[in-house]
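Colleague: kindly return the folded structure for what I paste below:
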Amino acid sequence: MEDASSPARTSSSFWVPEFLLLGRKRLRAQGKVLGAAILVGIVAGLGAVVFSAACHAVVHYSLDGVAGYRATAPAYEAKLPWLDETDTPLRPWLLPIVAAIGGLISGLIVFKLAPEAEGHGTDAAIAAYHHGTPIRPRVPLVKLVASAITIGTGGSGGREGPIAQIGAGFGSLLGRLLGFRPAERRILLAAGMGAGISAIFRAPLAGALFAAEIMYSSPEFESEVILPTGLASVVAYCTFGFFFGWNPLFETPAFKFENPLQLGPYLVLALFMAFLAMLYTRTFYAFTHLFHRWKIRPWMKPMVGAGASGLIGAALYYALGQNPQSLSVLSFGYGVLQQGFMRPETMTAGLLLAIAIGKLLTTSLTIGSGGSGGVFGPSMVIGGCGGGALGLVLHSQWPNLAPQPGTFAILGMAGFFAAAAKTPFSTLVIVCEMTSDYRLILPALWVCTIAYLLSDEQSLYSSQIARRSLSPAHQGSYVREVLTGLRVRQFLKLDGPIPMLRPNDPLATVIDRMAASPFTVLPVVDKDQRLLGVVNLEEVHRASLSPDLRNWLMAEDIMRQVDHPLLPTDRLDEALEAFVENDLLAMPVIEDEKGRKLIGIVKRAQISEEYLRRVQGQSTDANRADSSVEFALR
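Modeller: As a prediction, the model looks like this:
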């Protein structure tokens, strides 16, 4: 009989348990983050529901009820059934007034409560990811209200920026509440951003890819966020779909691609989209710069920007023969895209081009002035209308090579944002999911790739980093590579007692032991030597400056908590991260997290010395006192 312990028996009879064991190991390593990502997805989905409802309510009572403007909408736009259309006649002269009032209210809310909520929220979320700056809990709520008012009253903006900041803000908050490490908090922030995109545009795959791709202006992905963001995006999409249905945003006819020669006209489209994207980004940041330099109160600027957008809309309305579609330069404007997909023959190239340029200007004015809203939605309108205009021109000249002008509108949406935001792949997917049409994926890849390659360096998102290696979020990656394989236990050294304190030690004793110790941090333990906290030299110095308190203060009065003390099994790169997170120059080491028994102290400088020795190629002997990361141990 074959021995049960033989390799053959192990590989043939127990492959299922080994497989399950591997799965358990993977889940155990990422379980906390994945579980939290599901919660982020639920909140992002609910945030998208509330934000969508708020936008429609504001539109109903302002643009519809006051100015009489009832914009056409995509075929499957989320609607509130209890809001019936009014019979108010269209009064274009009221549009600038309504928009200016909305901009004023939005400006007051933002600049009085959360100034960081101005502009497009996706850029703020990208900056928070790279630099680790926490998003205040009030910011998502302020962003939701201010954006609904800005867009709902006629300001040109998109829904993705506010909902991305809502999702990112909750992800950041949840990570802090659960005591996650900075790297894990960054992942949850990105997951919230992607989940918000997934819900509001009903594009779960695109949401996951967008969060990974939007961080960099080069074709690099933040691979570590894809799986958590994928889970969050699925949950957010299902949450939003539960309330507003499962259809894609747009309805499209049976487009098809059967002739490789059509890539020629699509090449012209890519060139045009690259030029239009360059015009958009430069105009947007030119207006942003002008408004920032303008010496008036910040909360007044969104009123001016939104009011000017309303004037442009009213002027186009009269200049284009009182065509209601010209008012698509205000608010969302998605309805004109739906008509461009289904009935392009009812529109002219001049009308579509005028809407594209008008939307470019109104978005630059609304968001560049500090108004709250996104830039992705307007980009879809600009690219779709610009592409549709080119499609009509090419169709009139070469009907065999451009048989369906509507395809140019869809591919224009994709190519324009790929060039403007430097996100060719996620944009390709999001347009396919928004239209539920994957038959154009080949020409879409062609257009997005070429438009991206021909685009200039200016991105619509100024917080993007050129490459992953330049991101502050990954500045320690090289350190991790150098220190790979080394763990704290490899450098333990038994050569003396641990300098420690008891909770009831008076301040005088604390000062004496600190003066006699080589460490700037001393652990505070109970009678069983379980770690309670640490006393830092800085707190001791401040306490000693108050003579009246010196006789009353004890170690527990100036002690601070350490949420994640070092373990013998920690890698040295994790130890460096713990030093940064706790802002300490020395860290206590405990036997295990459950008992928290103190077994040593390590200095940050000593780990840095070990890192330098390895960079210089010097060998390290963990048993030698002069080349180890030293611990003081009992």
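
Colleague: all strands of the chain, in order?
Modeller: Taking DSSP state E as the test, the strands found in the chain are 521-525, 531-536, 586-590, 598-603.

Colleague: among those, which is nearest residue 254?
Modeller: Residue 254 lies closest to strand 586-590 among the strands of the chain, at 63.9 Å (CB to CB). Glycine gets a C-beta too; all of them are placed from N, C-alpha and C.

Colleague: in the closest one, what counts as buried?
Modeller: Neighbour-count burial for strand 586-590, with 16 or more other CB atoms under 10 Å as criterion, is recorded at 586, 587, 588, 589, 590.

Colleague: residues near residue 159, how many?
Modeller: Neighbour count for residue 159, taken as other CB atoms under 10 Å: 25.

Colleague: measure it to residue 601 for me?
Modeller: Between residue 159 and residue 601 the distance is 52 Å, computed by CB to CB, to the nearest Å.

Colleague: rebuild the strands of the chain as CSV, extending it with distance to residue 425 and mean pLDDT.
Modeller: Listed next are the strands of the chain as CSV, based on distance: least, CB to CB, whole Å; pLDDT from 0 to 100:
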stretch, distance to residue 425, mean pLDDT
strand 521-525, 47, 90
strand 531-536, 47, 90
strand 586-590, 41, 87
strand 598-603, 44, 85
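
Colleague: ok, residue 240 touching residue 45?
Modeller: Yes: with contacts counted by CB atoms under 8 Å, residue 240 reaches residue 45, the gap being 4.8 Å.

Colleague: common neighbours of those two, please.
Modeller: residue 199 (CB atoms under 8 Å, 6 or more residues apart in numbering).

Colleague: residue 263 against residue 444, yeah?
Modeller: No: using CB under 8 Å, residue 263 is not in contact with residue 444, being 11.6 Å away.

Colleague: thinking again about what came up before, so for residue 507, which of the strands of the chain sits nearest?
Modeller: Nearest to residue 507, of those and by CB to CB, is strand 531-536 at 9.9 Å.

Colleague: export only the CA atoms of the closest one, formatted as CSV.
Modeller: Output of strand 531-536 as CSV, limited to C-alpha atoms (Å, rounded to 0.1, in the frame of the first residue of the first chain):
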residue,chain,number,x,y,z
LEU,A,531,1.8,47.1,26.8
LEU,A,532,-0.6,49.9,27.7
GLY,A,533,1.0,52.8,25.7
VAL,A,534,4.1,54.8,25.3
VAL,A,535,5.6,58.0,26.7
ASN,A,536,7.3,60.2,24.1
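
Colleague: distance check, residue 198 against residue 52.
Modeller: Relative to residue 52, and taking CB to CB, residue 198 is found at 13 Å.

Colleague: between those two, who's got more neighbours?
Modeller: Counted by other CB under 10 Å, residue 198 and residue 52 do not tie: residue 198 has more neighbours, with 36 against 22.

Colleague: test my guess that that one contacts residue 237.
Modeller: Yes: taking contacts as CB under 8 Å, residue 198 lies within contact range of residue 237: 4.9 Å.

Colleague: now for the two: what residues contact both?
Modeller: Joint contacts of residue 198 and residue 237 (CB under 8 Å, 6+ apart) are 204, 207.

Colleague: neighbour count: residue 263 and residue 444, which is higher?
Modeller: Between residue 263 and residue 444, residue 444 has the larger neighbour count (other CB under 10 Å), namely 27 against 16.

Colleague: list just the nearest of the buried residues of strand 586-590 to residue 318.
Modeller: Of all the buried residues of strand 586-590, residue 318 sits closest to residue 587, with 69.6 Å by CB to CB.

Colleague: now that closest one: closest residue in space, sequence neighbours ignored.
Modeller: residue 566 (5.1 Å; CB to CB, 6 or more residues apart in numbering).

Colleague: what's the answer for residue 170, then?
Modeller: residue 43 (4.6 Å).

Colleague: that neighbour: how many residues sit nearby?
Modeller: The burial count for residue 43: 24, using other CB under 10 Å.

Colleague: that one against residue 169, yeah?
Modeller: No: Residue 43 is beyond contact range of residue 169, at 9.5 Å (criterion: CB under 8 Å).

Colleague: now do the shared contacts for the two.
Modeller: residue 192.
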